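Peer 1: Got a predicted structure here, sequence first:
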There are 2 protein chains.
Amino acid sequence: MSTVSKVSVATKRLLLGRPFRSDKLGHTLLPKRIALPVFASDAMSSVAYAPQEIFLVLSVAGITALTFTPWVAIAVAVVLAVVVASYRQNVHAYPSGGGDYEVATVNLGPNAGLTVGSALLVDYVLTVAVSVTSAAENIGSAVPFVNEHKVWFCVGAIVILAAVNLRGIKESGAVLAIPTYAFIVGVLGMLIWGFTEIFVLGEEIRSETADFGIVAEQDNLTGLALAFLVARSFSSGCAALTGVEAISNGVPAFRKPKSRNAATTLLMLGGFSITLLLGIVLLAQEIGAKYVMDPAKDLVGAPEGYQQKAMIAQLAHAVFDSFPAGFFFVATVTALILLLAANTAFNGFPVLGSVLAQDRYLPRQLHTRGDRLAFSNGILFLAVAAIIFVVAFGAQVTALIQLYIVGVFVSFTLSQTGMVRHWTRLLRTETDPSARRRMVQSRVVNSIGLVMTATVLVVVLITKFTAGAWIAVLAMVSIFVLMKLIHHHYASVQRELDRAETDDEGVLPSRTHSIVLVSSLHMASKRALRYARATRPDVLEAITVNVDDRDTRKLVSEWEASDITVPLKVIASPYREITRPVIDYVRRVRRESPRDVVTVFIPEYVVGHWWEQILHNQSALRLKGRLLFEPGVMVTSVPWQLTSSDRRKETKRYWAPGETRRALGESERTP
Amino acid sequence: MSTVSKVSVATKRLLLGRPFRSDKLGHTLLPKRIALPVFASDAMSSVAYAPQEIFLVLSVAGITALTFTPWVAIAVAVVLAVVVASYRQNVHAYPSGGGDYEVATVNLGPNAGLTVGSALLVDYVLTVAVSVTSAAENIGSAVPFVNEHKVWFCVGAIVILAAVNLRGIKESGAVLAIPTYAFIVGVLGMLIWGFTEIFVLGEEIRSETADFGIVAEQDNLTGLALAFLVARSFSSGCAALTGVEAISNGVPAFRKPKSRNAATTLLMLGGFSITLLLGIVLLAQEIGAKYVMDPAKDLVGAPEGYQQKAMIAQLAHAVFDSFPAGFFFVATVTALILLLAANTAFNGFPVLGSVLAQDRYLPRQLHTRGDRLAFSNGILFLAVAAIIFVVAFGAQVTALIQLYIVGVFVSFTLSQTGMVRHWTRLLRTETDPSARRRMVQSRVVNSIGLVMTATVLVVVLITKFTAGAWIAVLAMVSIFVLMKLIHHHYASVQRELDRAETDDEGVLPSRTHSIVLVSSLHMASKRALRYARATRPDVLEAITVNVDDRDTRKLVSEWEASDITVPLKVIASPYREITRPVIDYVRRVRRESPRDVVTVFIPEYVVGHWWEQILHNQSALRLKGRLLFEPGVMVTSVPWQLTSSDRRKETKRYWAPGETRRALGESERTP
C-alpha cells in the first residue's frame, strides 16, 4: 500500500479509493522455527529418496561397488553445502522473494530468466511426480497393498492434493510444521538409535537385504566406466539438493531482519539435510542395506516374491527390529513430508505462473492472485502433467529421478551466474572498502557455487541424458518456446496499439445512437428502455427481430397499447436468425452516420444456476460476441436479476494456496 | 412477411425495417416428382429391413411357420394403406406442416403434443441407428469386410453424416431424388425380373439359403403361442410404416394446390411401399429365402463361417445370379437410400427441436433457425445418442427394431385421435351439407386409422416390451419429464416477471454514474473514456485496480502527463484480485445514491483466434459476469478491434439442414 499512497500524495489530482480490507487478515510474518518447516519440507523430503538412488546406481557394478557410497554421499553433501552458502548470498542481495527467475532476469537478461522459468515449471511437475511416487514407495514398505497398486495410489494422491488446493485452504504454519519436525525427529532418532546400538552397545544390526547378493550387470569395469558409474550415482544423489532454493522465494514472509533470518534458516536447512543424508548412507552401508532396480532379477538369495523396501524403511525395519511402532512412525512421517513436498509444488506453481504472467510470458489473467480461476487452471495443469509422468513411468522413483535433476541444476547454474554478475556490477560503482570486501567475498562464494553447480549440470546431462533427462530438456524447450510466442503476441498487440495511437485523432463521437433490442415487452426490456433513455442519446430506438410472426405481432400490439414513446422497428429475418439481421442493421446505421457511436442495449436475465444459464441469454450472448467485431459499436448489458441469482451474489474470500509462504499483503517485487 | 406487413399497416406508429434479403435465395417449391423422393426416402427405405424381420420372427417356430409370411405382409400392407389414407386427411386439415405434434397439441392439449414430441425425438435417434445399421448390413452382403466391422462402419457413417450436417449443406431436390428413384427402379426391376423368370420363363430360382434347414427354438407351438409369434412378426413388419408421416410435415414445400399435391404424393408413396413390400416377401417366399437371428446356430446345413446376407441382397443375388452388376446395383442403392433416410433424421431433429423450443419445452435459442450453434447442438446430440444405441446393440438391426416402432405408433395413434376430435369439433359448427359430408367421411377414415394404429400399438407393446421396447418407452418418458421441467422453469420466470411488473414503478433513474475501468493508458482505454464521455453521464470517473504497484504507478504518472480531465481513482487490492474490489466499489456508489444507474465501461480487445481470446479479456469477462448480479448496474463493453479480428468479420450464410423440405421463407405455423 505504502508505495501507492506516496504516489497519490505526489500527484494532487489523483483520488485514492478508500483501501478496502487493506488489513492482512491475520497474516503474520513467520519466525524462524516456523519458517524452517514451511520452506524446508521440499528440500528435506528429498533425503528420503536421494540415498537409495546412490546405492541403486552403484549396485549395477555389483556388491563391491557399494564401497563407493560414502564417498559419493560426501560429494553430494559438499555440493549441498556450497549451494546453501551461495543461496545465503542470494537472500541478502534479493530480499524481494523473486528467486532464481528474478536473479537470472535482472542480471542475465530475459532469455536466461525465461530458461529458469521453464526449468522451474517442469521441476514443479516432477516434484509432484517424484514426491508422490516416493511417498507411495515408503507407505508400500509398510503396507504391501499400496506397493501392489502404486500407480493407482499415486494418481489418487495427486487428485486429492489437487482437489484440496482447488478448494482453497487457509494454511497455517503450525500445521505445516508438524510433519517436517516429526520427520526430522523420526529419522534423526532412528540414526542415533542405530549408531548407538552398533558402536556403543556393540550389537549387530543387519538389514533384511544384508545377506542377499547382487547380480552385477557390468562386471570388471575399467577405470573410465567405473568413473562414469560413480558420476551417475553422484548425479542421482544430487536429487537431495532439490528444493533448497525455496527459501530464497520466501524472504518477504520472514520476520525482520528478513534477509538475515532467511540466511540463518538456510543454514539450519543445510545442516539438517547434510546430517540426514550422510547418516542414512553411512548407516545403510554399515548394516549392509541394498537397493536395486529390479529385486526379482538383481538380488541373489532373495525369497520368491520379495518386495523391496525403500531405503529409509529398510533402515527403520532393521533398527526398530524389536519395536515395530518405530518402524511405522518413520514410514508414516516420511510419506507425510513427501506429500507435503508435493503440496508445496501445488502452491509454488501458480505463484510462479503469476510472476511469469506479470512479465507477459503467460496469459495475463494468471497474474491476479486473488483470482480463483487463474489458480485453478494452474493446479489442474500441474495435476494432469504429474499424473501423465507418474503413469508413463509406472510410478518408478528411479525412472522419474532421471528427469528431475536437470531442471534444478539449470536454475541453480543460471542463478549463480546471475549472482556473480550482480556483484561484479555493484563493485563497479561501490567505493566503500568494507562494502567492497563483503561483495568480493560474496562473489567468491557465488563463483564457487557456479563452478560446482555447472559441473554437476554437465555431469548430470552426460550421465542421464539418454536415461530420460532428454524428456525434461524437451519439455523445458517446448515451454520456453511457448512462452516466447505468448510474449511475442502481447508485444505485437502493444505495437498495434502504439501505431493506432498516431492514427486515432482522439475526437469525441459526434452523436450517440442507442438501439434497444427487445424480444417481448417484459420487465427486463422495459428496464433496458428506461436505462437507455437515462443516458440521453441523440437517437433512441427499439428493434425486434421477426423470428416468429405470432410473437412479433403480439409484441407490436402490446407496444401500441403501452405508453412507450420510443419507436419500435421490426427487422425481417427470413432465415429465422437473430445475429445477422441485427449486425446488418447496425452496419447500415454506421454507414449512414459514420461519426456516431452506436450503443446496443441488450436486456439479460441473470440466473443463479448453470443450467438456467443454458435456458436463457444464449442468443444474447452470441449476438454480443459478434457485435464486438463491429467498429464504433458499444454493447451494453442491462441485467434483470431473477430471484435465483441471489444465491450467487455473495462471494467468499478465496484462500489462494501458498499465501503463508508469500507473506501476502507485502509488496513482492519492489524493483 | 405478409402477416407482419399487415400488422404494420394497421399500427401507424410502427416503423418497419427494410426487410433484408427477404428473397428466398432460389428456394423453389417442389413439384410432386421431386417432392416424392425428398419426403419418401425415410418411408421407402424401411422396406429394406421390414420384410426380413417378418421372416426372422417366424423362423423361431421353424421352417413351417414361414408359410405365414405372406399373410403377415398383407396385414402390414393393409395397415400401411389405412395410415396413408388417414394422413391424406391430415395434410388437408393441417396444411401448415406442423405434423403430428401440432395435430396432437391443438386437438388433445399440450400433454398429448408433448408425448408426440418425445416420441418423435426418440424416433429420430432410432431412425439414424436403424437406417445406418441396415445400410451396413446391405453393404456387408456385398463386401464381407464391412460385415466383419459393422459397428465401426456404423459409427463412422454417423460421424460423417453429422460432420456433413454440421458444416451445413445446401440441399437440392435433384440430388435427393436420384438415390430414391434408383432404389425404386432397382428393387422393382429385381422383382419384375425375378417373377418373369419364375412364372413366364419357368426357370427355377433358388436362394442360397433355400436348402438350409432352420433349428426351431420353439417347436409344436400351441395356438395361442403361435398367434403371439405371428403378432410379433406383424409388429416387426410394421417397421415398414416408419417415415410415412414425413410428408405431413412438408406440406408448405409443395407447389400449389399444396394439400392436394401432398395428398397425391402420399398416395404414390403408399403405392410404391406396398408394392415393394409385398413383392419382396412373395419373391422371398417363392425362392426359399431365409433370415434368422443367429445363422451359425439357427441354420442347418450352412457352411462353416456362413455370412448371412440381408433379405434384399439374398433376392438380388439369386435373381441376378448370372449378372453380378445387378446384384451390386441393388445393394448399393439400398444402402444409399438407407443413408439418405438417416440424413433425413439429421434434418428433422433440429427442426422439431425448434418447434418445441418455440413452445418453451426446450432451450429458447434452439428456436432460431438460422442459428448455426442451435442446429449444431441438435446434430451432435442426435449423433451421440445414435452411436450409443448402435454400439450398445452391436449394430444388430433386429435388436434396434424392437425399440423403434413404439414411438412411431405412439405418434400415429395420438395424431389420429387428434384428427377425429378435429372433425368432431368442426362438425359442431359446420352447416353446409356437402362440407359436412366430406368431414364425416374424413372422420370415418381417421377413426379407422385410429383403431388400426391403436391396435398395432397395443400389439407392439405386448409383443416387444420386454424385448427392448421398454428402453424406448423409458427414453420417451425421461424426455417428456425433462421438457416439462424446462417448461415449468420458463413459466415460473414469466410469473416472476409478471409479479415484478406491479412492483416496479417504471420511473426513470435520476442520474447516470459512469465508471470506466482502466488498466493502462492504451488506445482501448482512451476510446472507452471518449465513448463514455459521449454518453454525457452526470458523474464520470475512471478507476483502476492496484494489482501491481509498478504498473499502477506508471499508469498514474501517465494519466498526470496526459490531457485527460476525467479523475482516476486507484482501488486497493491487497489480495491482488480484480473482481471483488470493483464490485465493492460499485456497491458503495449504489449505496450512496441508490436512484442513480451505474454504468461500468469495460474496454475489451477483440481478436480473431480462439487462442488469442485465452490471452486477452479473461479478467474483463469474469468481472462482467459478476457485475451483472448487482442490481441497478449496466455493463458496457467498448471493443477495440485488433487486426486479427478482421478474419472473423464476414459471416457466411449458413445452410441449415432440411431447408428444401421445409420451404424456407414460408410461414410455417400460421395458427
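Peer 2: Arrived safely.
Peer 1: Which SSE is immediately downstream of the lowest-mean-pLDDT helix or strand in chain A?
Peer 2: Every helix and strand in chain A was compared by mean pLDDT, DSSP states H and E; the lowest is strand A:15-16, with a mean of 36. Per DSSP states H and E, the first helix or strand lying C-terminal to strand A:15-16 is helix A:32-45.
Peer 1: Surely residue A:301 and residue A:209 touch.
Peer 2: No - using Cβ atoms under 8 Å, residue A:301 is not in contact with residue A:209, being 9.5 Å away. From N, CA and C alone the C-beta is placed, and that goes for glycine too.
Peer 1: tell me the strands in chain A, going along the chain?
Peer 2: In chain A, the strands defined using DSSP state E lie at A:15-16, A:213-214, A:299-300, A:512-517, A:539-546, A:568-572, A:597-606, A:633-641.
Peer 1: Contacts only, for the nearest residue to residue A:142 once chain neighbours are set aside.
Peer 2: Distances taken as Cβ to Cβ, 6 or more residues apart in numbering or on different chains put residue A:331 closest to residue A:142, at 4.3 Å, once the chain neighbours are dropped. Counting by Cβ atoms under 8 Å, 6 or more residues apart in numbering or on different chains, residue A:331 touches A:138, A:139, A:141, A:142, A:312, A:313, A:316.
Peer 1: Please report how far the fourth one lies from residue A:310.
Peer 2: Same thing as residue A:142. Here residue A:142 is placed at a distance of 10 Å from residue A:310 (Cβ to Cβ, to the nearest Å).
Peer 1: In terms of neighbours, single out the busier of these two.
Peer 2: Ranked by neighbour count (other Cβ atoms under 10 Å in any protein chain shown), residue A:142 and residue A:310 place residue A:310 first, with 27 against 21.
Peer 1: list the contacts for that one?
Peer 2: Residue A:310 makes contacts with A:48, A:49, A:52, A:134, A:137, A:138, A:140, A:141, A:291, A:334, as judged by Cβ under 8 Å, 6+ apart.
Peer 1: same deal with residue A:330?
Peer 2: For residue A:330, the contact set (Cβ under 8 Å, 6+ apart) comprises A:186, A:187, A:190, A:312, A:313, A:315, A:316, A:320.
Peer 1: Can you read off the backbone torsions of the residue of the stretch 551-671 of chain A found nearest chain B?
Peer 2: Of all residues in the stretch 551-671 of chain A, residue A:577 sits closest to chain B, with a separation of 2.3 Å (Cβ to the nearest Cβ). Backbone torsions of residue A:577, given as degrees, to the nearest 10, read phi -110, psi 170.
Peer 1: So it is in contact with residue B:365, correct?
Peer 2: No - at 10.8 Å, residue A:577 does not count as touching residue B:365 under the criterion of Cβ under 8 Å.
Peer 1: My understanding was that residue A:644 contacts residue A:610; is that so?
Peer 2: No - between residue A:644 and residue A:610 there is no contact under Cβ under 8 Å: 11.2 Å.
Peer 1: returning to that earlier point: among the contacts of residue A:310, which ones are in helices?
Peer 2: Judged by DSSP state H, the contacts of residue A:310 include A:52, A:134, A:137, A:138, A:140, A:141, A:334 as members of helices.
Peer 1: okay, residue A:644 and residue A:610: which has more neighbours?
Peer 2: Shown here are residue A:644 and residue A:610; by other Cβ under 10 Å, residue A:644 has more neighbours (17 against 7).
Peer 1: State the distance from that one to residue B:412.
Peer 2: Distance check for residue A:644 against residue B:412: by Cβ to Cβ, it reads 40 Å.
Peer 1: Run through the residues that contact the closest residue in space to residue A:614 that isn't next to it in sequence.
Peer 2: Nearest non-adjacent residue to residue A:614, counting by Cβ to Cβ, 6+ apart: residue B:363, 5.7 Å away. Counting by Cβ under 8 Å, 6+ apart, residue B:363 touches A:614, A:615, A:618, B:357, B:486.
Peer 1: mind running it again at 7 Å?
Peer 2: By Cβ atoms under 7 Å, 6 or more residues apart in numbering or on different chains, the contact list for residue B:363 reads A:614, A:615, A:618, B:357.
Peer 1: Now do residue A:434 against residue A:423, distance only.
Peer 2: Taking Cβ to Cβ, one finds residue A:434 at 15 Å from residue A:423.
Peer 1: So these two - more neighbours on which side?
Peer 2: A count of neighbours by other Cβ under 10 Å puts residue A:423 above the other of residue A:434 and residue A:423, at 24 against 7.
Peer 1: how close does that one get to chain B?
Peer 2: Distance from residue A:423 to chain B, counting by Cβ to the nearest Cβ, to the nearest Å: 25 Å.
Peer 1: Distance of that residue relative to residue A:90?
Peer 2: Taking Cβ to Cβ, one finds residue A:423 at 11 Å from residue A:90.
Peer 1: Please report how far the closest residue to residue A:289 other than its chain neighbours lies from residue B:412.
Peer 2: Leaving aside its chain neighbours, residue A:289 sits nearest to residue A:207 (3.9 Å; criterion: Cβ to Cβ, 6+ apart). Here residue A:207 is placed at a distance of 82 Å from residue B:412 (Cβ to Cβ).
Peer 1: can you check residue A:346 too?
Peer 2: Counting by Cβ to Cβ, the gap from residue A:346 to residue B:412 is 60 Å.
Peer 1: Could you break chain A into its assigned domains?
Peer 2: Structural domains assigned to chain A are A:45-408+A:466-490, A:512-648, following automatic domain parsing.
Peer 1: can you redo those as CSV with mean pLDDT?
Peer 2: Shown next, in CSV, are the domains of chain A (pLDDT from 0 to 100):
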stretch, mean pLDDT
domain A:45-408+A:466-490, 88
domain A:512-648, 84
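Peer 1: would you turn those into JSON lines with distance to residue B:78?
Peer 2: Below are the domains of chain A laid out as JSON lines (distance: least, Cβ to Cβ, whole Å):
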{"stretch": "domain A:45-408+A:466-490", "distance to residue B:78": "62"}
{"stretch": "domain A:512-648", "distance to residue B:78": "40"}
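Peer 1: How many neighbouring residues does residue A:204 have?
Peer 2: Neighbour count for residue A:204, taken as other Cβ under 10 Å: 9.
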